[in-house]
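Novice: Got a predicted model here, sequence first, then my questions.
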Amino acid sequence: MKEHVIEEWFHQYERDVTSFLVYYTGMIDVEDIVQETFLLAFKNLSRFRAESHPKTWLISIARNLVNDDFRRRKIWQRIRHLLTPKQPLSNELEERMVRHSEQLELHQAIHQLTPPYKEVVILRGILELSPLEVGDVLGWNQNKVNVTYHRALKKLKEQLEQEGTSIEGNKFDRRIT
C-alpha cells in the first residue's frame, strides 16, 4: 500500500519538487535529491499527518535535505563558483531553466535574496503555493508568509531595477508592481 501512495505522489508532485529544488539550490542536476526526497517520504510515511498536503510535506523534506547538505558540505561555495559570470551557461541549463535572458536574470536575482525571502518567493511566486501551504512548509503563520512575500518581492524588484532588468510581461510582473 505504501508503495502505491508514494508512486501516486511521485507522478503528481515530482515536477513541483524538482522545480523547487532547481530554484532553491540554483543547480539543474537535482534528480538525486528528488529521489532521496521520495525515498525519505516512503520510509517516513507513517509520520505523515493527513492534515497537511502531500506536496507541502514533500517540499519540506526536500528543503530539509538541501539545508542539511549545505550545512554538512558548505556547498554554498560550490554554488557560488558555478554561478559566477565567468562560467558560460550550458545548453542544457539554457534549455531547461531559461527561455530568455530575463528569466536568467530573475533566477539569479532570486538566488541572491536572503534565505527566507528566497524560500517564500520560490514557494509562493514560482510554485504558486497558497499562503497556508507555504506556512506549512516553512513553519510560519499566514500573516508572516504574506508580509515576508511582500517584502521579498519589493527587494527583488529593487535588485532587478538596479541591474536594469525589465520585468514587464514576466510571471512576477503582476505581483511585483
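Specialist: Looks like it came in fine. Numbers count the residues shown, from 1 in each chain.
Novice: All the helices of the chain, in order from the start?
Specialist: Secondary structure of the chain by DSSP state H: the helices cover 2-25, 31-43, 54-73, 76-82, 91-97, 101-112, 115-120, 131-138, 142-162, 173-176.
Novice: most tightly surrounded among those helices?
Specialist: Among these, the stretch with the highest mean neighbour count (mean count of other Cβ atoms under 10 Å) is helix 131-138, at a mean of 21. Bear in mind the C-beta positions are built from the backbone N, C-alpha and C, glycine included.
Novice: what's the angle from that one to helix 2-25?
Specialist: 90 degrees (axes from the mean of the first three to the mean of the last three Cα atoms, to 10 degrees).
Novice: So what's the gap between helix 131-138 and the chain middle?
Specialist: Relative to its chain's centre, helix 131-138 lies at 13 Å (Cα atoms, centre = their mean, to the nearest Å).
Novice: For it, what does the pLDDT average out to?
Specialist: In this model, helix 131-138 has a mean pLDDT of 94.
Novice: From the contact counts, what lies against that helix?
Specialist: Contacts defined by 3 or more Cβ pairs under 8 Å, 6 or more residues apart in numbering; DSSP states H and E place helix 131-138 against helix 54-73, helix 115-120, helix 142-162.
Novice: Just the CA trace of the longest one, in CSV.
Specialist: Looking back up the chat, that one is helix 142-162. Written as CSV, here are the backbone C-alpha positions of helix 142-162 (Å, rounded to 0.1, in the frame of the first residue of the first chain):
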residue,chain,number,x,y,z
GLN,A,142,-0.1,33.1,7.1
ASN,A,143,0.5,36.6,8.1
LYS,A,144,4.3,36.1,8.3
VAL,A,145,4.1,34.4,4.8
ASN,A,146,2.2,37.4,3.3
VAL,A,147,4.4,40.0,4.9
THR,A,148,7.7,38.3,4.0
TYR,A,149,6.5,37.6,0.5
HIS,A,150,5.6,41.3,0.0
ARG,A,151,9.0,42.4,1.3
ALA,A,152,10.8,39.8,-0.8
LEU,A,153,9.0,41.0,-3.9
LYS,A,154,9.9,44.6,-3.1
LYS,A,155,13.5,43.6,-2.6
LEU,A,156,13.5,41.5,-5.8
LYS,A,157,12.1,44.4,-7.8
GLU,A,158,14.8,46.7,-6.4
GLN,A,159,17.5,44.2,-7.4
LEU,A,160,16.2,43.9,-10.9
GLU,A,161,15.8,47.6,-11.4
GLN,A,162,19.4,48.1,-10.2
